[in-house]
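# Please find the sequence and the predicted model below.
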Amino acid sequence: MSPPDHIQPDTVHQELATLGQQLDRLLDTVRRLTEENRSLRQSQEQLSGERAGLLARNEQARSRVEAMIQRLKSLESNG
C-alpha cells in the first residue's frame with residue numbers, strides 16, 4: 001500500500017525527524033526538571049533542619065533571659 005499522492009515520503013521523514021527532535025527536547029526538559037526538583041527538595045529539607053535548630057536556640061535564649069529577669073527581680077526585692 002503506497003501513501004496517497006499528496007503525501008511525499010520525504011515529508012513523512014521530515015515530520016518524523018521533527019517529532020523526534022521535539023521528543024528529545026521534552027525528555028531533556030523532564031530530566032532537567034526532575035534534577036531541579038530533587039535539588040529543591042534537598043535544599044528545603046536542609047533549610048527546615050536549620051530553621052528547627054534556630055527555633056531551638058531562640059527558645060533557649062528566651063528561657064535564659066527570663067531566668068535572668070527573675071533573678072534580677074529577686075535581687076531587687078531582697079536588696
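Received it, and whenever you're ready, just let me know what you need.
# Quick one: neighbours of Thr34, just the number.
10 (other CB atoms under 10 Å). C-beta here means a position set from N, CA and C on the backbone, and glycine is covered the same way.
# Now it: which helix or strand?
Thr34 belongs to helix 9-78 when assigned by DSSP states H and E.
# pLDDT weak spots in this structure?
1-6 (pLDDT under 70).
# 80 - rerun?
1-7, 79 (pLDDT under 80).
# Closest to the centroid, which residue in it?
Leu40 (2.2 Å; CA atoms, centre = their mean).
# and that one, what does it touch?
Not one residue lies near Leu40 by CB atoms under 8 Å, 6 or more residues apart in numbering.
# how near is it to Thr34?
Note on Leu40: its distance to Thr34, by CB to CB, to the nearest Å, is 11 Å.
# do the same with Leu47
Counting by CB to CB - Leu47 and Thr34 are separated by 20 Å.
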